[in-house]
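K.L.:
Kindly return the folded structure for what I paste below:
(2 chains)
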Amino acid sequence: MFLTGLSWGYPNYIGHGYTSCLNCHFNPFGNGPLNDYGRAVSATLVSARWAYPKTWTEEEIAEKSGFLFKKPKQDWFRTQINYRRFKLTRNPGSNEKTDLWITMQADARAIIKFGEKDRFVAVYNYGQIPPRIGAPPGEANKEEWKSREHYLGYRLNPRLGLYAGLMDKVFGVRVVEHIAFSRTQTQNNQSDQTHGVAMHFLTDNWEGGIHGFVGNLDQNEDLRMKGGSTMIERTVGGTHRVGASYMNSSNSSFSQQNVSVHARLNLKEGSSIIGEIGQIQKEIKATQTTVDSRYGLIQTYLRPTRGIYVYNNIEYLKSDLSNENFTVRWGPGVQVFPVQKIELRADIYNTRAFGTEVSTPDSWVLLLQTHLWL
Amino acid sequence: MKILLFTLLMFIVIPVSRGESRDYVKEILETKKRIDSKHSAESRKLQKLIKNAQTVDPDDFSQEFKKLNFKIYGLVAKILQKIDSPVPETNKNRQIFLSLRENLSQLEYKESNVEKVYDLIQNHFKNLEEKIFKGHWRLFIDYVSWQNKAVLNDTVSEYDLIITNKGICPGINYARENKNFSFSIDACFMLASGEVKALDPTALTYSQSNVHAVGLKGSLGIGHFVSSTKSEIGLKIPVIFVSQLLQDPPNSGATISEGSEFIPMAGIYSRWPLGKFFVQTEFSKFLSQDHILWALGAGYSF
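P.N.:
Have a look, this model is predicted:
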C-alpha cells in the first residue's frame, strides 16, 4: 500500500458557494498554490476567528493571509511554504497497534504572475516526495526532494486558459484524500503529476478541460504514462455541479482507461455532499489480460461552526468486476482551522471486506494531522 | 385613534401588565392623553383617511402629532419584546403594532427607524417561533452493514467466528425539532445476510455463506442543525435485536453459539435534506464488542 497524505484543495467548498476551483487556486482544476483571494478565504470564511480581537474586521484578518502574515507590496510575485505531518496509527486500541510519523508535505512555492487579472502565471513547487510505505526495504524512508509541479499558464480570456508543464491530471474530483480509491485507482495520486498541456474553459454554466500528457519526464521512459484526459462539469440548480471525466493512458507495460461521473452538491453554510463513481479498465500488455474495476466515493461535509468541518469519507472498491469481492472504507473525521495558516485534522478509517466466504475483522487506521502554511 | 388606543391598552395591559411593561403602558396612556388633548382632530382625520384608503398628505399633520405616534410605536414595540412565548401574526397586539407602523408610514415620519423597529419585532417573534419544537415524520431506507461474533465449540476448544453482514433497513423516524436542535426516535426492520469465517483461519477452517439475518433496529438521537438547509449532525444510541441462525458443522459434534442478539451501540449520525428528500449516514460502535455498524441511506420527510 502506498499511503499518501493530503494536499491543499477542497472541492467541498462548493458548500460555501465556490463552484469553480479557479476562484481560489492558480491551477483552475484545483490543488496547488492558492491565489490571494484563496488565501483570504482560508483566513476568513474557513478559519475560526476567536483568536483575533473583536475589533478586527474581516478585511484586517484577510490582510494577514499573505506570506509571513504580510500584505504583499507588489502584484507580480508570491511565495508560499506548506508543511504537513501526521501520525498514522494502525489498529488503534488493540495489541497490534503501530504508530508511524510521516512528513507528508514540505513544499516551497514560488508564483510569478502578471497581466490583467493575472493573465500569465508561472508556478513552481519544490518539495519533499513523501516516503512510500510498503516500498522495498531501503526505499521506504528514502527522502527525495524535487519539483512537485511547475507550469506556465496563460488565460486567453476569462473563459479560456492554456497551461503547460508538470501538473496533476485533469480527471474527476480532486478530493484532498490521496488514499481515496478515486485517486489511487485512477492514477491521480499525490505524486502522479505528469508533463503535458491542459486547456481549461469556463462559461456561466459549464467548466472543464482537456489534458494531453507524456508522463513525468523525471521517470524512466518505460514507466511514463502517456495519453489524455478530459473533465467537464455543469452547474445545476444555480449552486450544484455535475460532471463526467475520461482518461486514457498507457506505457510500455500496460494501458488504462478511466471513466467517471460525479456530483458536488452545495447544501449551504459549508455543508456539502460530493459523489463520484467510476470504472477502470487495465490491460497488461505482456499477457493481454484485462481487469475491470469500479470505485465509488461519497464525501459528506458539515460545518457546525466557523473553523470546524465534520465529514465522512465513504468509499467503495470492486477491484475486479469478475468476482464478488469488494471493499468499503468508511472514514468519519473532523477538520479544525483554529486560526489562519493552521489546520488540524483527525480521521478514522474503517475498512471492511465483503465477498462470498469473506469475513475478516475490519482494519482500522487513525490519522492525526497538522498542516501549517505561510 | 381613541378606539385604537383603547383596544391597544386592553390587549397589552392585560397580558403583560407587570414590572417594566407596566411602566411602558403608563407612558402610553400619558402619551395618548396628550394626543387626545392636543391632536384629537388630527388623530380622527388620519384614521378616517386610512380607513377610506385615501391619500394621506404628511404635511397636513403636525410634527408633534407624528412624534407622539412614533413614541407610542416604540413603547408598544418594547412591550412586544417582553413577550417570551410565540404568538401568531393574527394576535391583536401584533395587529396593533402593524397599525401603528402603517400610521407612521402614511405620515412619512422617521421611516427608516420605523422599519428598523419593525424588523426588530419581526425577528423577535421569528426567534420565538423557531424555539418551538415541532414534530416531523420521515421514512427512510438504509444500506447497513455490521459485524458480529459467534463461537464454535467442539469437544476440546472454542473458536471465535466473525460474521460480516450487509443488508437493508427500511424504517420510520419521528423527531421533535426546532431551529437548532432535534430529538428523535427511529426504528427500522433489518433484512441482511452474512458471511461467516473463523477469526483465526489457521486454527479453524470454517465458513458459511449468505446466512440470513432479520432484526429490528431502534435509536434515540439528539442532533444539531448546522445550516439554513437543516443539515444535521448528532449522536445516537442505537440498539439492534437480530436473529441469525448459524448451522452447526455436520458430523463433527461441534456446536455454534450465535453472537449477541441484543446489541446496544453509541454512534454519530448526519443528515442532509435535499428538498423533501434527504441523505443520511450513521457510524456506531457496539458497546460490548469491538465492532461497528455503518449505514448509508436516503428518505423522505413529511
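K.L.:
Work out the sheet partners of whichever strand or helix holds B:Ile172 and label each with its direction, please.
P.N.:
Take DSSP states H and E as the rule and B:Ile172 turns out to sit in strand B:158-177. Taking DSSP bridges as the criterion, strand B:158-177 forms sheet pairs with strand B:134-153 (antiparallel), strand B:181-198 (antiparallel).
K.L.:
buried stuff in the first one?
P.N.:
Using 16 or more other C-beta atoms under 10 Å in any protein chain shown as the test for burial, strand B:134-153 gives B:138, B:140, B:142, B:144-150, B:152. Backbone N, C-alpha and C define where each C-beta goes, glycine included.
K.L.:
Next: the last one.
P.N.:
Going by neighbour count (16+ other C-beta under 10 Å), the buried part of strand B:181-198 is B:181-182, B:184, B:186, B:188, B:190, B:192, B:194-198.
K.L.:
Just give me the closest of these to A:Ser229.
P.N.:
A:Ser229 has its nearest neighbour among the buried residues of strand B:181-198 in B:Glu195, at 37.5 Å by C-beta to C-beta.
K.L.:
who's that closest one bridged to?
P.N.:
B:Thr164.
K.L.:
ok, back up a step: pipe the buried residues of strand B:181-198 into TSV and attach pLDDT per row.
P.N.:
Below are the buried residues of strand B:181-198 laid out as TSV (pLDDT from 0 to 100):
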residue	pLDDT
B:Phe181	94
B:Ser182	95
B:Ser184	96
B:Asp186	95
B:Cys188	97
B:Met190	96
B:Ala192	95
B:Gly194	92
B:Glu195	92
B:Val196	91
B:Lys197	90
B:Ala198	88
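K.L.:
Tell me if stretch A:35-52 is near chain B.
P.N.:
No: figure legend: stretch A:35-52 not in contact with chain B (C-beta under 8 Å from any C-beta of the partner chain); closest approach 14.0 Å.
K.L.:
Can you pull out the residues in contact with that stretch?
P.N.:
Applying C-beta atoms under 8 Å, 6 or more residues apart in numbering or on different chains, the external contacts of stretch A:35-52 come out as A:13, A:16, A:18, A:23-26, A:34, A:56, A:58, A:60-62, A:64-66, A:72, A:78, A:118, A:305-308, A:336-342.
K.L.:
Now it - C-alpha only, PDB.
P.N.:
Output of stretch A:35-52 as PDB, limited to C-alpha atoms (Å, rounded to 0.1, in the frame of the first residue of the first chain):
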ATOM      1  CA  ASN A  35      -4.100  32.800  -5.100                       C
ATOM      2  CA  ASP A  36      -4.500  35.900  -3.000                       C
ATOM      3  CA  TYR A  37      -8.300  35.600  -2.900                       C
ATOM      4  CA  GLY A  38      -8.000  31.900  -1.900                       C
ATOM      5  CA  ARG A  39      -5.600  32.800   1.000                       C
ATOM      6  CA  ALA A  40      -8.100  35.500   2.200                       C
ATOM      7  CA  VAL A  41     -10.900  33.000   2.100                       C
ATOM      8  CA  SER A  42      -8.900  30.500   4.100                       C
ATOM      9  CA  ALA A  43      -8.200  33.200   6.700                       C
ATOM     10  CA  THR A  44     -11.800  34.400   7.000                       C
ATOM     11  CA  LEU A  45     -14.500  32.100   5.800                       C
ATOM     12  CA  VAL A  46     -12.700  28.900   6.600                       C
ATOM     13  CA  SER A  47     -10.600  29.600   9.700                       C
ATOM     14  CA  ALA A  48     -12.100  30.400  13.100                       C
ATOM     15  CA  ARG A  49     -11.900  34.000  14.300                       C
ATOM     16  CA  TRP A  50     -11.800  33.500  18.100                       C
ATOM     17  CA  ALA A  51      -8.100  34.300  18.200                       C
ATOM     18  CA  TYR A  52      -8.500  37.800  16.800                       C
END
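K.L.:
So for that stretch, mean pLDDT?
P.N.:
Average pLDDT, stretch A:35-52: 89.
K.L.:
do the same with stretch B:255-263
P.N.:
The average pLDDT within stretch B:255-263 is 82.
K.L.:
for A:Lys169, helix, strand, or coil?
P.N.:
coil (DSSP: H, G, I helix; E, B strand; the rest coil).
K.L.:
pretty sure it contacts A:Tyr246?
P.N.:
No: using C-beta atoms under 8 Å, A:Lys169 makes no contact with A:Tyr246, being 11.3 Å away.
K.L.:
Looking at these two, which one has more neighbours?
P.N.:
A:Lys169 (27 against 18; other C-beta atoms under 10 Å in any protein chain shown).
K.L.:
Mind listing residues that contact the helix or strand hosting B:Leu68?
P.N.:
Following DSSP H and E, one finds B:Leu68 within helix B:63-82. Around helix B:63-82, the neighbours that count as contacts under C-beta under 8 Å, 6+ apart are B:5, B:8, B:12, B:16, B:20-21, B:24-25, B:27-28, B:31-32, B:34-35, B:38-39, B:42-43, B:58, B:93-94, B:96-97, B:100-101, B:103-104, B:107, B:109-110, B:113-114, B:117, B:120-121, B:124-125.
K.L.:
Contact residues of the stretch 201-350 of chain A facing chain B?
P.N.:
For the stretch 201-350 of chain A, the residues in contact with chain B (C-beta under 8 Å from any C-beta) are A:265, A:267-271, A:273, A:298, A:300, A:302-305, A:310, A:312, A:314, A:328, A:330, A:332, A:350.
K.L.:
Any quick ChimeraX command for the buried ones out of the residues you listed?
P.N.:
The following ChimeraX line selects those of those that are buried, judged by 16+ other C-beta under 10 Å:
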select /A:265,267,268,269,270,271,273,298,300,302,303,304,310,312,314,328,330,332,350
